[in-house]
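> sequence first, then the predicted structure:
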Amino acid sequence: MDLAENPALEDYSLRYAPSAFRSWSPWMIFLSCLVGLSAMAGYALDAAFVNAFGFGNALIGFAVATAVTFPLTLVAAFAIARRHIDIDLLTRGAGFGYLGSTLTSLVYATYTLIFLAYEGAIMAQALTALTHLELHIAYAVVAVVMIPLTVYGMTFSARFQAWTWPIWVALIGLALWSAATAPHAVHHMVKPHVPAAAATGVTVLAVFTIAAAQLSLAAQVGEQGDYLRLMPDPRPGRAGRWKLAVIFGGPGLTLFAVVIFFASTLLVGYAETQTTPDRAAEPVELFTVVYQRMTGSHTVALVLAGLLVLLSQIKINIMNTYSGSLSWSNFFSRLLHRHPGRAAWVFLQVALALLLMELDVYHHIVTVLAWYANLGIAWIAAVGSDLLLNKRLLKLSPPGVEFRRAHLYNVNPVGFGSMVVAAVVAIVAYYGVFGATAAALSPFIALVLAFLLPPILAGATRGRWYIARTSDLPADAEVLPCAVCAGSYDTADMAACPFHDGTICSLCCSTEGSCRDRCKPNAWRPAGEPTLLGMPEKRAATLPAVATASAEEMGR
């Protein structure tokens, strides 16, 4: 059976998620989005920043990054939750065009891959500590185990994340209690046992250097969005709960990151009084030291630490693997005009992560993120600018978010051009061309350029690159048949197709390579006003029975 035809595996990747599939409650979606809190990467990276720059610089740097990324990711999160499309499809309609968003799909896939490998390396450390398995073999084990845990998508993930939260909260709570009740806990928290950090005062350059590195986490909204797209429509009288679930399940993670910062510095501050900074920066060693103070037994402490780290990493890597499979699906569907199914790309994501683990990404993560931040923030800032400025405030682009290939130009210079220019300038700055200060703050250069350029380019192009053409579909139809796959999908996912003489779903449209954009001859540049393409008469004649059928009757 084709993996793409199995709804339990596919999760409506590459297309609009219909209401019949979005059966989870806002609470369940929120719990699934919250797994970023369990990531052990935060504890290791926070320790690295505090030891390098001091507690004050690190804290203010985190706060600056949160203040910048929260509003950007807020507008994206609500657009995803309300329109029920993932970050890749949102990017298409937010100024990038159908092929223009291919670049951002690769950027996003790389983001999920980097963290899958980094979190996987931490998981392998815990497995090695518990079993004495050789580290490189442990890398393979933790990579392979993610396949069965992720292949069933949201169907498995929602249950697993919800039922494991009580265990995780109990384990992390015991660790925090142990560290907090140690003598001079607050002193060690803000004054780490590292001479370089102790001698560092608060400086503007240090604060913004840390904030710049943290800007890479703006791309995290993509992973949150892979779950937020499955939010049910808000019910009357419960819109407030729905909005809170979106806020704290999406951009709210940046607020939780500050909470995690305090937790990690408390834990690391105590651990560094008992062991070396290098060992305290490894989560399994960190929690073993903390638990040992409470239990008095190294063996018991190691078991507790291993259980916490393994559980944490499984939770976060389910998200990293799942989101990676979606982004690779988007990327390759446009390049190859094929979609073997989301589950097939799980194997690619896991294989590439294993390669990065073997290449020791763990010890180079700060450098990798510093470079990657220039790309990630340029992408998210360009999308946020188009959604907020061009669509909402300045009315320079169509108010809707069009994601269907049949209706889009291949490349929209507004978002795509803004991101490319911002990223190139920032990366040039990162390599020192504009001086040491600009190099340290290069992600902020990307942020400013990518946010300011979209309205300039949208005004210059008069918004003509957003919509190539439209489809004249029956206004009373809830679902329509696809002339290619014979499935029936929401009208939001359908377009009129002259090549197949009927309507076509967005997925079949994406994988059609032989039509050569017959429905939009000017796919690369505007030529007059967008055309309105109606349905062929012989197909339209069959619509009444389909249009009146319910979602359940159509077997969505």
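Cool, the structure landed.

> the longest helix anywhere in the chain packs against which elements?
Using DSSP state H, we find that the single longest helix of the chain is helix 298-336. Contact here means 3 or more CB pairs under 8 Å, 6 or more residues apart in numbering; DSSP states H and E; on that basis helix 298-336 packs against helix 87-91, helix 101-131, helix 146-150, helix 153-180, helix 220-228, helix 283-295, helix 342-358, helix 506-511. Just so you know, the C-beta spots here come from the backbone N, C-alpha and C atoms, and that holds for glycine as well.

> change it to 7 Å
helix 101-131, helix 146-150, helix 153-180, helix 220-228, helix 283-295, helix 342-358, helix 506-511 (3 or more CB pairs under 7 Å, 6 or more residues apart in numbering; DSSP states H and E).

> mind checking which of these is nearest residue 44?
Smallest distance to residue 44 across the helices and strands packed on helix 298-336 (CB to CB): 6.1 Å, for helix 283-295.

> now that closest one: mean pLDDT?
Averaged across helix 283-295, the pLDDT comes to 94.

> buried set for it?
By 16 or more other CB atoms under 10 Å, the buried positions in helix 283-295 come out as 283, 284, 285, 286, 287, 288, 289, 290, 291, 292, 293, 294.

> I'd like to check the angle between the longest helix of the chain and helix 283-295, please.
Here helix 298-336 points in a direction 150 degrees away from that of helix 283-295 (axes from the mean of the first three to the mean of the last three CA atoms, to 10 degrees).

> show me what counts as buried in helix 298-336.
Applying 16+ other CB under 10 Å to helix 298-336 flags 301-334 as buried.

> next: stretch 490-499.
Neighbour-count burial for stretch 490-499, counted by 16+ other CB under 10 Å, picks out 490, 491, 492, 493, 494, 495, 496, 497, 499.

> point out where the stretch 401-550 of the chain drops to low pLDDT.
528-529, 531, 534-550 (pLDDT under 70).

> got the contact list for the residue lying closest to residue 388 once chain neighbours are set aside?
Spatially, and ignoring its direct neighbours in sequence, residue 388 is nearest to residue 75 (5.1 Å; CB to CB, 6 or more residues apart in numbering). Residues in contact with residue 75 (CB atoms under 7 Å, 6 or more residues apart in numbering) are 384, 387, 388.

> now tabulate the buried residues of stretch 490-499 in a markdown table and tack on secondary structure and distance to residue 412.
Converted to a markdown table, the buried residues of stretch 490-499 look like this (DSSP: H, G, I helix; E, B strand; the rest coil; distance: CB to CB, whole Å):
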| residue | secondary structure | distance to residue 412 |
| --- | --- | --- |
| 490 | strand | 24 |
| 491 | helix | 24 |
| 492 | helix | 20 |
| 493 | helix | 21 |
| 494 | strand | 22 |
| 495 | strand | 18 |
| 496 | strand | 21 |
| 497 | strand | 22 |
| 499 | coil | 23 |
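
> and the residues you listed, which is closest to residue 122?
Using CB to CB, residue 493 is the member of the buried residues of stretch 490-499 that sits closest to residue 122, with 38.9 Å.

> the closest one reaches residue 16, doesn't it?
Yes. Applying CB atoms under 7 Å, one finds residue 493 in contact with residue 16, separated by 4.2 Å.

> what do those two both touch?
residue 506.

> where does the stretch 101-250 of the chain dip in pLDDT?
Scanning the stretch 101-250 of the chain for pLDDT under 70 picks out the ranges 192-200.

> mind running it again at 90?
111, 149-163, 184-223, 226, 234-240, 250 (pLDDT under 90).

> hang on, the earlier thing: so of the helices and strands packed on helix 298-336, which one's packed in deepest?
Mean neighbours per residue, mean count of other CB atoms under 10 Å, is largest over the helices and strands packed on helix 298-336 for helix 220-228, with a mean of 28.

> who does it touch, helix- and strand-wise?
Against helix 220-228 (3+ CB pairs under 7 Å, 6+ apart) you get helix 26-33, helix 55-83, helix 87-91, helix 239-249, helix 298-336.

> which one of those lies nearest to residue 174?
Of the helices and strands packed on helix 220-228, nearest to residue 174 by CB to CB is helix 298-336, at 7.5 Å.

> chain center to the closest one: distance?
13 Å (CA atoms, centre = their mean, to the nearest Å).

> how far off helix 220-228 does it point, in degrees?
For helix 298-336 against helix 220-228, the angle by the same axes, to 10 degrees is 90 degrees.

> and helix 298-336, what's its mean pLDDT?
Across helix 298-336, pLDDT averages out at 91.

> check contacts around residue 482.
Here residue 482 is in contact with 489, 503, 504, 505, 508 (CB under 7 Å, 6+ apart).
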